[in-house]
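S.K.: quick one: sequence plus predicted model below, questions after.
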Amino acid sequence: MTMFRKPRVMTATQTHYCPGCTHGIIHRLVGEAIDTLGIEGRSVGVAPVGCSVLAYNYFNLDMTIAAHGRAPAVATGLKRANPDSIVFTYQGDGDLASIGMAEAVHAAARGENITIIFVNNAVYGMTGGQMAPTSLPGQITQTSPSGRDSALCGFPVKVCEMLAQLDGPAYIARVAANSPKNVLAAKKAIERAFRNQIEGKGFSLVEVLSSCPTNWGMSPKDALGWIDSAMIPYYPLGVYKDTSRKGIE
Amino acid sequence: MTGPILMKGNEALAEAAVQAGCRYYFGYPITPQTEIGAYLAKRMPEVGGVFLQAESEVAAIHMLYGASCAGKRAMTSSSSPGVSLKSEGLSYLAGSDLPALVVNVQRAGPGLGGIQPSQSDYMQATRGGGHGDFRNIVLAPASAQEMATLTMRGFDLADKYRMTAMILADGTVGQMMEPVLLEPAQPLNIEKPWALTGTQGKREKNIVTSLYLSPAELEGKNLSRFARYALAEQNETDFEAFCMDDAEICLVAYGISARVSRSAVSAAREKGIRAGMIRPITLWPFPTEALRQAAKQVKQFLSVELSMGQMLTDIELAVRCARPVTLVSHVGGVILTPEEVLHAIDHAVEVSA
């Protein structure tokens, strides 16, 4: 019988996340991966600016907070200065796909041997629900009150599809945290992204589609449903790049 | 290495960084500091270090932030427009109490300005250069030799006070070639128990952050940081006094302006004018007390700088406006000549007579 336990690496702290937000699940998956791989003592995390800015409260790990969007650059410095450490960033969509696009793309292009957990909930959460680089066409947000108008402000950024075009990354995958099946797939992908770093394979990024009931104006249940009905059709799940599979298929 | 070597100021700085134990350099190309990157691209691999050309000035300073988090001596270098981009990083480094060495080989501004030498980033450097209350230790080399020695000192001071040391050079000092004696450095070995090296299961986790959501806690952080700054002001203020024993007119100048002023003071002395110079070696902390003492003796000050009176303000503050302070300057990349400065001395003497 498997006992349901808090991952060793996580603190016994209540999170500050809103009810129904899937950040908690994603934190847990990161914690489980670190536990499974036995890298607690070597791991160093970089929290972003955004809802998960306080992530360092929830992990028993050495951690820092990067300026908005700069986590991949900070992680690069940490990893280059101490190659034995396992360095990961945990970033939201505004952080990674808007203000920190350059840092994310270039860390990927360099094949920087780090792990990025990219949480895409299609909205700026902490500041109260503004349009994100990943907000869907027609999506109502505080700064797109009539729905995102693609003629006015362009189209969402598909991070996995874009980064998969680069030669640098080792592993690019998109998963979702909205159902048991999807969470199990997410767990595997996140573990893989950490394992790749241990094995020196290079840049690994897992995009996790996540819910924001508060800023989407939905119940937690409806928010999970919206990931299925609206987000996944625009952001298909799957492995977009995996260099270790090259030549096998 | 034995004996002096003919080097560019930028190269002297780069080699000194290696001698000081810096093994991590992150930078983005910009004139007139390109020799620093070019030198370290070759040199770092020889010593097992990392040279990484970043995608931007912004990324470079945040890579430095990461390497400093790991407890290592690290640096970035740039010139004026690039340093503006680094201002975010300077603020985060300060807010997180991380040691760092940041180099600004100044060129003329504002905007894209020009690529010729300037000293017009004085305010930006000495006031912190980013949002929030903070300071950097600002060192002002006036020769290729000092590009080396002040860089070594900068790394030590950064570690000692857990703050950014900035080398505020200018295009002339960076580009000119002079003999440089690279004395073997003996870097301060300061423990960094706060570093993010992984807990190894042997200690509590370390958190490096500038985020404090409690106003009282954040105020406390600021106050303790400024208490550290006060120690730096007390212990690290440095300047050179030249012909000041009986001076009646005091030039204040740093960097290349100090080299020009030195010639002008010597020429004035030959004419029987009792001129002297105070050359700040640290611009922050500024040699306030030395100037205050000088004000008891001299009749007036000349602020000789390649900017529109940015340092002049600090001189006036130091002497509490007890003596007149006159600006002698060129900007835009034009460099003062000794003759121009001598003329300014002559004029000042005439006016006061």
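M.R.: Here it is on my side, so go on.
S.K.: give the contact list for the residue nearest to A:L37 when sequence neighbours are not counted.
M.R.: Computed as C-beta to C-beta, 6 or more residues apart in numbering or on different chains, the closest residue to A:L37 that is not its neighbour in sequence is A:F194, at 5.6 Å. Glycine gets a C-beta too; all of them are placed from N, C-alpha and C. Under the criterion of C-beta atoms under 8 Å, 6 or more residues apart in numbering or on different chains, the neighbours of A:F194 are A:33-34, A:37, A:39, A:86, A:88, A:115, A:204.
S.K.: can you flag the buried ones in those?
M.R.: Buried positions within these, assessed by neighbour count (16 or more other C-beta atoms under 10 Å in any protein chain shown), are A:33-34, A:37, A:39, A:86, A:88, A:115, A:204.
S.K.: nearest to B:E204, of these?
M.R.: A:I34 (16.9 Å; C-beta to C-beta).
S.K.: doesn't the closest one belong to a helix?
M.R.: Yes. According to DSSP: H, G, I helix; E, B strand; the rest coil, A:I34 belongs to a helix.
S.K.: run through chain A and note the low-pLDDT ranges.
M.R.: In the prediction, chain A carries residues with pLDDT under 70 at positions A:1, A:246-249.
S.K.: contact residues of it facing chain B?
M.R.: Taking C-beta under 8 Å from any C-beta of the partner chain as the contact definition, chain A meets chain B at A:40-44, A:46, A:53-54, A:56, A:59-67, A:70, A:73-82, A:84-86, A:102-103, A:105-106.
S.K.: and residue 48, what does it touch?
M.R.: No chain in the question, so chain A it is. A:65-66, A:68-69, A:71, A:89-92, A:95-96, A:100.
S.K.: oops, chain B please
M.R.: Neighbour list for B:G48: B:R23 [criterion: C-beta under 8 Å, 6+ apart].
S.K.: scan chain B for its longest helix.
M.R.: When chain B is scanned for its longest helix (criterion: DSSP state H), the result is helix B:215-236.
S.K.: can you tell me the element A:L78 falls in?
M.R.: Assigned by DSSP states H and E, A:L78 belongs to helix A:71-81.
S.K.: between whichever helix or strand comes after that helix and helix A:71-81, how big is the angle?
M.R.: Heading C-terminal from helix A:71-81, the first helix or strand you meet, by DSSP H and E, is strand A:86-92. Orientation of strand A:86-92 against helix A:71-81 (axes from the mean of the first three to the mean of the last three C-alpha atoms, to 10 degrees) gives an angle of 180 degrees.
S.K.: show residues contacting strand A:86-92.
M.R.: Residues outside strand A:86-92 that contact it (C-beta under 8 Å, 6+ apart): A:26, A:30, A:34, A:39, A:42-48, A:50-52, A:55, A:66, A:69, A:71-72, A:74-75, A:78-79, A:100, A:104, A:114-121, A:124-125, A:194, A:197-198, B:198.
S.K.: check what pLDDT B:G37 gets.
M.R.: B:G37 is assigned a predicted lDDT (pLDDT) of 98.
S.K.: give me the neighbour count for it.
M.R.: Counted with other C-beta atoms under 10 Å in any protein chain shown, the burial measure for B:G37 works out to 21 neighbours.
S.K.: assign B:L196 to helix, strand or coil.
M.R.: Following three-state DSSP, the label given to B:L196 is coil.
S.K.: neighbours of it, how many?
M.R.: The burial count assigned to B:L196 is 28, neighbours taken as other C-beta under 10 Å.
S.K.: look up phi and psi at the nearest residue to it once chain neighbours are set aside.
M.R.: Nearest residue to B:L196 in three dimensions, chain neighbours excluded: A:D62, at 4.0 Å (C-beta to C-beta, 6+ apart). Phi and psi for A:D62, reported as degrees, to the nearest 10, are phi -60, psi 130.
S.K.: residue contacts, A:D62?
M.R.: For A:D62, the contacting residues are A:43-45, B:196-199, B:205-207, taking C-beta under 8 Å, 6+ apart as the criterion.
S.K.: cool, and A:I227?
M.R.: Per C-beta under 8 Å, 6+ apart, neighbours of A:I227: A:176, A:178, A:209-211.
S.K.: can you name the residue of chain A nearest chain B?
M.R.: Distances from chain A to chain B, computed as C-beta to the nearest C-beta, single out A:G77 as the nearest residue at 2.3 Å.
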